[in-house]
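Student: heads up, no residue letters with this:
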């Protein structure tokens, strides 16, 4: 007996393979040399897809996580990019010169938007599919089981981090110690993230050896206990989207976008 699963939200019923193709196509386009307007449109499209999939709260957390990275990328390029039109300059000490140029501001905005677009593309894969759904999608493409596990475990690290932070807070609340400020919550998340990512790296090696010992990588038919609703339209879309992404990249390198 197989369990039929569907997602939540306007686009939540899409097959996991469709979400993976959407995310990969989005990432390919995000890495292309697009203009500022094109990058804004691409980023808003990705945010709209996540909202349609019922991931509004996670999208907000994603933006909060990406904002410092995008902001630092913008600031570094704004003061270090060589340009002809200088808006401001200063010399903190001898031998070190900083200059804010119009070209630097332009390139900084492009880089910040690229960070946002790339992060949104990764979120289209990791936030819209469960671990089981992602495993099913990658398994249908005949990828090696060990590689599938490594990918799923890596993308599932954020969910593990959220779960461990929630467990820590619940433990403190049960002991009457729940008086954390915003800074305390941030420190807790950073401390927990360090532990989680270390465990994920160690688990990769241990699980990889375990999978090899159980001969999981041997070829053969595999039966999944979960199945996901699919349609002919989605199958066609999974062929059209990569071709469309490649076409947009070619247009971007041609200077059209």
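Tutor: Received it, and whenever you're ready, just let me know what you need. Note that the coordinates shown come from a computational prediction; the quantities given were computed from them, not determined experimentally. Numbers count the residues shown, from 1 in each chain.

Student: only C-alpha atoms for contact and neighbour calcs from this point on.
Tutor: Noted.

Student: mind listing what's buried in the strand or helix carrying residue 138?
Tutor: Here residue 138 sits within helix 131-140, counting by DSSP states H and E. Within helix 131-140, the residues scored as buried using 16 or more other CA atoms under 10 Å are 131, 133-139.

Student: Could you identify the helix or strand that succeeds it?
Tutor: helix 145-155.

Student: What average pLDDT does that next one get?
Tutor: Mean per-residue pLDDT for helix 145-155: 72.

Student: Report all helices and strands that that helix contacts.
Tutor: helix 131-140, helix 182-213 (3 or more CA pairs under 8 Å, 6 or more residues apart in numbering; DSSP states H and E).

Student: tell me the angle of that helix relative to helix 131-140?
Tutor: With axes from the mean of the first three to the mean of the last three CA atoms, to 10 degrees as the basis, helix 145-155 and helix 131-140 are set at 150 degrees to each other.

Student: Now do the buried residues in helix 145-155.
Tutor: 145-146, 148-155.

Student: could you dump those to TSV with distance to residue 17?
Tutor: As requested, these are exported to TSV (distance: CA to CA, whole Å):
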residue	distance to residue 17
145	16
146	19
148	13
149	16
150	17
151	14
152	14
153	17
154	18
155	15
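
Student: what's the closest of those residues to residue 64?
Tutor: If you rank those by distance to residue 64 using CA to CA, residue 155 comes first, at 18.2 Å.

Student: care to break the protein down by domain?
Tutor: Domain ranges of the chain: 1-129+229-257, 145-216, per automatic domain parsing.

Student: and the ones you listed, which one's lowest on average pLDDT?
Tutor: domain 145-216 (a mean of 65).

Student: now the helices for this structure?
Tutor: 16-30, 36-52, 56-80, 102-126, 131-140, 145-155, 157-174, 182-213, 232-253 (DSSP state H).
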